[in-house]
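1. Structure here, sequence nowhere to be found:
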């Protein structure tokens, strides 16, 4: 595998001669100072350009950097302002390119404040036109997480138990694929509760990252142990075991979040769903 430095050199070499490319800014773990980067880290590069649509519409430029295996192309949408190209090269290095307009950095420079991503750490790899002049130095701080409102908390809890109501039915039908799909949704809601739980129980800021990344660092030891039981195999017996472990853990975390924050936990919803499920699961043929 090529080193990060060698891959970065190839990107810089391409950018120096690329029309419209004004700067390269490295973000992600390799630009932070928290020792989270390792040999498996991706290279995250923002390409600051006067015409991001040119790079978006004709991505032959990625082949000039190295031999490609495959590229995932994500264009702007309601949740994403700038296009990204996630490229895996033949030397085993993955590069996440973001194709951003010049206003991306000029807005931060003019305001004198950084977005959360840049605050975590950034490194100016190349600046051909002084476009990055005025960007504040990063604080290397992580964004503080926020606890939910009563409305958001109740809605999330009830959605979890809504999903939990369906899973035993798929078990009864032998629909193991659908069991896994429902379980995936429940795990997303469990992750949300895990984050709230970590924030609620801590007396200092907690870096909960995203998508459960580095979870072993921010969940409490007992929860980490219980999590080991929440994933099951592709068979009915183990899926049911993991389901029971998941709902038990979720209920405990939810009640503790409510206790520590003064929020109301909809226990009646949990009780009714668990009663209905218990009746159904008791007649399942093992």
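-> Okay, I see it. This is a predicted model, so every value here is computed, not measured.
2. now residue 254: how far from residue 202?
-> 17 Å (Cβ to Cβ, to the nearest Å). For the C-beta atoms, the positions are set from N, CA and C on the backbone; glycine is no exception.
3. Show me which of these two is the more surrounded one.
-> residue 254 (24 against 14; other Cβ atoms under 10 Å).
4. so how far is residue 150 from the more buried one?
-> From residue 254 to residue 150 the distance is 13 Å (Cβ to Cβ).
5. can you check residue 16 too?
-> 54 Å.
6. again, but for residue 124
-> 44 Å.
7. Who has more neighbours out of those two?
-> More crowded of residue 124 and residue 150, by other Cβ under 10 Å: residue 124, with 16 against 12.
8. Quick check: closest non-adjacent residue to that one.
-> Nearest non-adjacent residue to residue 124, counting by Cβ to Cβ, 6 or more residues apart in numbering: residue 132, 5.2 Å away.
9. where in the chain is pLDDT low?
-> 1-2, 283-286 (pLDDT under 70).
10. Just the buried positions in stretch 7-24, please.
-> Using 16 or more other Cβ atoms under 10 Å as the test for burial, stretch 7-24 gives 7, 8, 10, 11, 14, 15, 18, 21, 22, 23, 24.
11. Using the three-state scheme, assign the last one.
-> Taking DSSP: H, G, I helix; E, B strand; the rest coil as the rule, one finds residue 24 in the strand state.
12. So what sits opposite it in the bridge?
-> Beta-bridge partners recorded for residue 24 (DSSP bridges): residue 47, residue 126.
13. The stretch 51-200 of the chain: helices as residue ranges?
-> For the stretch 51-200 of the chain, the helices defined by DSSP state H, counting those that start in this stretch cover 52-57, 61-65, 103-111, 116-120, 150-173, 176-201.
14. Those: which one's closest to residue 75?
-> helix 52-57 (6.6 Å; Cβ to Cβ).
15. List the buried residues for that closest one?
-> 52, 54, 55, 56.
16. Residue 261: which of these is nearest?
-> residue 52 (42.3 Å).
17. Spatially, and excluding backbone neighbours, which residue is closest to that closest one.
-> Going by Cβ to Cβ, 6+ apart, residue 52 has residue 99 as its nearest residue, at 4.1 Å.
18. got a list of what the one you found touches?
-> Contacts for residue 99 (Cβ atoms under 8 Å, 6 or more residues apart in numbering) come out as 47, 49, 52, 55, 56, 82, 83, 84, 85.
19. got it, and residue 269?
-> 157, 158, 161.
20. try it again with 6 Å
-> For residue 269, the contacting residues are 158, 161, by Cβ atoms under 6 Å, 6 or more residues apart in numbering.
21. Likewise for residue 12?
-> residue 126.
22. my guess is it is in a strand, correct?
-> No - assessed with three-state DSSP, residue 12 is helix; it does not lie in a strand.
23. separation between it and residue 88?
-> For residue 12, the distance to residue 88 - Cβ to Cβ - is 20 Å.
24. Quick check: which of the helices of the stretch 51-200 of the chain is nearest to residue 268?
-> helix 150-173 (10.1 Å).
25. For that closest one, name the packing helices and strands.
-> If contacts are counted by 3 or more Cβ pairs under 6 Å, 6 or more residues apart in numbering; DSSP states H and E, helix 150-173 sits against helix 176-201, helix 236-261, helix 267-281.
26. Serialize those helices to a markdown table and add fields for distance to residue 104.
-> Listed next are the helices and strands packed on helix 150-173 as a markdown table, based on distance: least, Cβ to Cβ, whole Å:
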| stretch | distance to residue 104 |
| --- | --- |
| helix 176-201 | 28 |
| helix 236-261 | 36 |
| helix 267-281 | 44 |
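27. What are the buried residues along stretch 146-163?
-> In stretch 146-163, counting by 16+ other Cβ under 10 Å, buried: 148, 153, 154, 157, 160, 161, 163.
28. That one: how far from the chain's middle?
-> The chain centroid and the centroid of stretch 146-163 are separated by 19 Å, computed with Cα atoms, centre = their mean, to the nearest Å.
29. Show residues contacting it.
-> 182, 185-186, 189, 192, 199, 250, 254, 261, 263, 266, 269-270, 273.
30. Compute the distance between residue 117 and residue 168, please.
-> 41 Å.
31. Then residue 276?
-> 8 Å.
32. In terms of neighbours, single out the busier of those two.
-> Of the pair residue 276 and residue 168, residue 168 is the one with more neighbours under other Cβ under 10 Å, namely 22 against 13.
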